[in-house]
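[1] I'd like to go over a predicted model; first the sequence, then the structure.
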Amino acid sequence: ALLTILPPAPGLLWVDTVGVCPNERNQTYEIPVKVADFQNLAAFTGRIELGAGVTFEGVAGVHPHFAPQFVHALQGTKLAFTAIANNGLQVPGTEVLFSIKLSNVSTSTLTWDTTLLALLDEYNGELAYQTGDGLLEVLNTQVPVINSPGAVCLNSGLIGLTAIPAGGMFYGNGITGDQLDPGVLGLGSHAIYYAYTNPNGCVERDTLEVVVWPALQDSIDADARICSGDSVLLRAYGGIAYAWSNGETGPAILVGPLQTETYSVLITGQGGCVRQRTVTVFVQPLPQLLVSGNPSLCQGSSTQLFVSGAVQYTWFPTSGINDPSSSSPVFNPVATTTYHLSAVDANGCSVDTNITVEVVSPPVLSAGMDRVACGQPILLTATSPQTLTWLWSTGETTASITVNPSQTTFYTVTGTDATGCTNTDTVFLYGTLS
């Protein structure tokens, strides 16, 4: 027979490094003891020095090939173990031989020393030795924080939820995906939850209490119309605080814009519930009056004025005017008079103005002294301190005319000034006795 001596198979026996999430402390952890790439594994033995801060809770998951002969004991802080099988085990990859159960992790990291780990090859009886250490590490993670959604009101509608870091899951009553429905929650205090799994597989959670406040019962005055130059009081209702777009903070503001303008107000109610309302103030232009006609008249006559641009007119005083509410009144005052006119247009906007009706006195003139005609031509001359146009009863239009009456005759001259006002005078020429 030919006896073949097999070389020892390379192998590695080690205690695994295990990560622990921060929120999983004070639980029981199973730390695997593994072997890799070993031929004909017949036995293994070893001692592990356990560090401080842990409590040995026994072993678990002993490989079925070694379970019948597996022995372990805790000697102080040293865990000793041995297992011998009836035949060898082929380990082409990685196998867990058993797991150490530890609890009460009180530090961020925990290490142990493997003072001796030995593997026995069934056929050649040689041992492979491995020494080293292991690590029980609290894995890094980020505690998530739910961002406050702000004031939550019963009539807020769906509210988007966010958290840091993103990528987790919201859950709780009234939550669908990342949307919160206050109408489902109802009034009062409620908890919303967020779970985040980090790249290390650790799950962290955050809880946020939200209060659902009653719906804001707010309102604002209707749009207003004012005339240019006027002001209006705007009111908002139903809040405990107000912030207007013009910087004022009361429930009512007095405004007088020069042109049409929209004002907004943030109305804050109980619990910080906020709603924005707007109101527009439409500014109507004032009536533009157009007055035509001659505001001057000759004493004893009348004149008519015509006004447009409004729908209602009121004249004062009422003396010397035929209709104080007319847009085309006739004036005949005895003396120059200033009339006050109030006009209102179709928008209700009014404008006031003064119109002076001037009464012009007749021009001062003289046709000359009466005299006796002696059968000789006589020069008659009309005079006036004003510049006038002349018209004699003879039809002549010069200031001076020559006449030669054969009997007593009177001559009348009419003078007209620049305003069209006239006056007359008469001169008598007496004929001689025959």
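    Received it, and whenever you're ready, just let me know what you need.
[2] And the nearest residue to residue 256 once chain neighbours are set aside, its phi and psi?
    Nearest in space to residue 256, with sequence neighbours left out and distances taken as C-beta to C-beta, 6 or more residues apart in numbering, is residue 231 at 3.5 Å. For every residue, glycine as well, the C-beta is placed using N, CA and C. Phi and psi for residue 231, reported as degrees, to the nearest 10, are phi -130, psi 170.
[3] Check whether residue 231 really touches residue 254, as I assumed.
    Yes - assessed by C-beta atoms under 8 Å, residue 231 is found in contact with residue 254 at 5.6 Å.
[4] Give me the common contacts of those two.
    With contacts defined as C-beta atoms under 8 Å, 6 or more residues apart in numbering, no residue is adjacent to both residue 231 and residue 254.
[5] and the gap between the residue nearest to residue 256 and residue 278?
    Separation of residue 231 from residue 278 (C-beta to C-beta, to the nearest Å) stands at 19 Å.
[6] where does the stretch 1-150 of the chain have low pLDDT?
    1-14, 16-20, 22-26, 51-53, 104-141 (pLDDT under 70).
[7] just to revisit the earlier point, so what's the residue nearest to residue 256 up against?
    For residue 231, the contacting residues are 254, 255, 256, by C-beta under 8 Å, 6+ apart.
[8] could you list every residue that touches the second one?
    Contact analysis of residue 255 by C-beta under 8 Å, 6+ apart lists 231, 232, 234, 246, 261, 263, 281.
[9] neighbours around the fifth one, how many?
    Other residues within reach of residue 261 by the criterion other C-beta atoms under 10 Å amount to 15.
[10] what about the residue lying closest to it once chain neighbours are set aside, neighbour count?
    Once flanking residues are discounted, residue 261 sits nearest to residue 281: 5.7 Å by C-beta to C-beta, 6+ apart. Neighbourhood size, residue 281 [other C-beta under 10 Å]: 21.
[11] Tell me where the stretch 51-200 of the chain has helices.
    Assignment of helices within the stretch 51-200 of the chain using DSSP state H, counting those that start in this stretch yields the ranges 182-185.
[12] Pretty sure residue 368 sits in a helix.
    No - under the criterion used here (DSSP: H, G, I helix; E, B strand; the rest coil), residue 368 is coil, not part of a helix.
[13] Give me the nearest residue to it, chain neighbours excluded.
    Closest residue to residue 368 apart from its sequence neighbours, by C-beta to C-beta, 6+ apart: residue 427 at 4.9 Å.
[14] And that neighbour, how far from residue 417?
    The gap separating residue 427 from residue 417 is 20 Å, by C-beta to C-beta.
[15] just residue 342 next, same as before
    34 Å.
[16] roughly how far is stretch 192-210 from the heart of the chain?
    33 Å (C-alpha atoms, centre = their mean, to the nearest Å).
[17] State the mean pLDDT of it.
    Across stretch 192-210, the average pLDDT comes to 90.
[18] Then stretch 277-295?
    So the average pLDDT for stretch 277-295 ends up being 96.
[19] Pull out the CA atoms of it and give them to me as CSV.
    Extracted as CSV, the C-alpha positions of stretch 277-295 are listed here (Å, rounded to 0.1, in the frame of the first residue of the first chain):
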residue,chain,number,x,y,z
ARG,A,277,-56.3,88.2,2.3
THR,A,278,-56.3,91.0,-0.3
VAL,A,279,-58.5,94.0,-1.0
THR,A,280,-58.4,96.4,-3.9
VAL,A,281,-59.1,100.1,-3.6
PHE,A,282,-60.2,101.5,-7.0
VAL,A,283,-59.4,105.2,-7.4
GLN,A,284,-61.9,107.1,-9.6
PRO,A,285,-60.7,110.3,-11.2
LEU,A,286,-62.5,113.6,-10.4
PRO,A,287,-64.8,115.1,-12.9
GLN,A,288,-63.2,117.3,-15.6
LEU,A,289,-65.5,120.2,-16.1
LEU,A,290,-65.7,122.1,-19.4
VAL,A,291,-67.4,125.5,-19.2
SER,A,292,-68.4,127.4,-22.3
GLY,A,293,-70.3,130.6,-23.0
ASN,A,294,-69.6,134.2,-22.2
PRO,A,295,-69.3,134.8,-18.4
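[20] quick one: buried residues of that stretch?
    Residues of stretch 277-295 classed as buried: 277, 279, 281, 283, 284, 286, 287, 289, 293 (neighbour count, 16 or more other C-beta atoms under 10 Å).
[21] Could you pull up the residues touching the closest residue to residue 398 other than its chain neighbours?
    Sequence neighbours aside, residue 390 is the residue nearest to residue 398 in space, at 6.4 Å (criterion: C-beta to C-beta, 6+ apart). Shown in contact with residue 390 (C-beta under 8 Å, 6+ apart): 382, 396, 397, 398, 399, 413, 414, 415.
[22] Which of these ranks first by neighbour count?
    Using other C-beta under 10 Å as the neighbour criterion, residue 413 leads the contacts of residue 390 with 27 neighbours.
[23] For that one, what are phi and psi?
    Per-residue torsions, residue 413: phi -120, psi 140 (degrees, to the nearest 10).
[24] For the residue nearest the centre of the chain, give its distance to residue 219.
    In the chain, the centroid-proximal residue (C-alpha atoms, centre = their mean) is residue 276; its distance is 7.4 Å. Relative to residue 219, residue 276 is positioned 13 Å away (C-beta to C-beta).
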